[in-house]
Structures are given as structure tokens and as C-alpha cells.
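**Q** below is the sequence, then the predicted model.
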Amino acid sequence: MKILRALVQRVSRAEVKVDGKTTGKIEEGLCVFLGVHKDDSKRDINWMAEKLVNLRIFEDDSGKMNRSLIEVGGSMLVVSQFTLYGDCSKGRRPSFVEAALPDKAKACYEDFIKNVRSRGIRTEEGLFQAFMDVYLTNSGPVTLLIESRRD
């Protein structure tokens, strides 16, 4: 079983807009598309926040991925993304039965943002359940799919 899922992109800048208005904008850092599973818990949220702020995917002076978000003083833009739980294995339309229902997903999304902020990371966000336009410049490109646990 796969639980809390994050599609993480190292960015030189990222911005999210709702109805043409910016709700979140960062420079160097991580753009995190967060998919909440129906079985997620505080444990998953804490694990993911800890993982992402300490993930060494920023280059050091030698050009190797050896620095974390904390070490580079970067920011995080978090965008809710239930479609990360879209199962396309059958038919032609994705099934979202593994995604958390909106009330639970929103609570987990908000808890994740609070958890990251509590670690000293400037954190911006999209608007939960809104149609969003996301603009980003992927640096590298570096894109990772991270899941909190697999059973």
C-alpha cells in the first residue's frame, strides 16, 4: 500500500494563481504537489515534512546534489494534488478511490504546511480544491516522486 505521495520539483521559481491572483510564490526551493491517501496519518505527514526539508537535492560547490532545502535557505510551494492518486490501469478515465475525501485531505494538507513551517521553512501554498494555474521553472530538471511508506 502506498500512502502520502509528493511529486517534488527543484525550482528556481514557482508561482500558483487562482482566478488570476497569486496565492503563493517562491524563488529557489521546492514545488511540492501533495497527494493525500485515504489512509494517511500524522505519522505520514511528519515523515514527509522531515524528508523534504532535509532531502539533499541542491548542488554544493562541486556541483553534486549534496545540500538540503534548509542548507540553501530555500522556500517551499505546496499545491494540493488529488490527481496523484489517479489510477489509470483500467478503462480510459482515472479512478480516484484511493485519494482521501476532501475534509480529510484538506486537514492533512494544512497539517503538512504547518509542519514544514515549524521547521523554519518559508512556505507558500495554493488554494485547496480550487482550479489553479501553476507556473514553475524546474531547475536541473530535478523531479522526484516520494511516498511516505509502502506496506
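**A** Received it, and whenever you're ready, just let me know what you need. Note that the structure is predicted; figures quoted are calculated from it, not measured.
**Q** and the residue positioned nearest the centre of the chain, what element?
**A** For the chain, the residue nearest the mean C-alpha position is Val32 (2.3 Å; C-alpha atoms, centre = their mean). Per DSSP states H and E: Val32 is located in strand 29-35.
**Q** would you map the strands across this protein?
**A** For the chain, the strands defined by DSSP state E occupy 5-18, 21-26, 29-35, 58-59, 65-67, 75-80, 123-125, 133-147.
**Q** ok so, going back, who touches the strand holding Val32?
**A** 4-11, 14, 48, 52, 69, 72, 74-85, 99, 109, 112, 122, 134, 136 (C-beta atoms under 8 Å, 6 or more residues apart in numbering). Bear in mind the C-beta positions are built from the backbone N, C-alpha and C, glycine included.
**Q** by contact count, what packs against the helix ranked longest in the chain?
**A** With secondary structure taken from DSSP state H, the chain has its longest helix at helix 102-118. Under the contact definition 3 or more C-beta pairs under 8 Å, 6 or more residues apart in numbering; DSSP states H and E, helix 102-118 sits against helix 42-54, strand 75-80, strand 123-125.
**Q** who touches Gly140 in this structure?
**A** Applying C-beta under 8 Å, 6+ apart, the residues near Gly140 are Arg10.
**Q** give me the distance between it and Val11.
**A** Taking C-beta to C-beta, to the nearest Å as the measure, Gly140 falls 9 Å from Val11.
**Q** hmm, back to that, give me the mean pLDDT for the strand holding Val32.
**A** Strand 29-35 shows a mean pLDDT of 98.
**Q** what does stretch 6-15 give?
**A** 98.
**Q** now the residue nearest to the centre of the chain: how far from Cys88?
**A** According to C-beta to C-beta, Val32 and Cys88 sit 22 Å apart.
**Q** show the buried residues in the contacts of strand 29-35.
**A** Among the contacts of strand 29-35, those buried by neighbour count (16 or more other C-beta atoms under 10 Å) are 4-11, 14, 48, 52, 69, 74-82, 84-85, 99, 109, 112, 134, 136.
**Q** flag the shaky bits of the chain, pLDDT-wise.
**A** Residue ranges of the chain with pLDDT under 70: 1-2, 150-151.
**Q** give the contact list for Ile146.
**A** By C-beta under 8 Å, 6+ apart, Ile146 lies in contact with 5-6, 8, 48, 51-52, 55.
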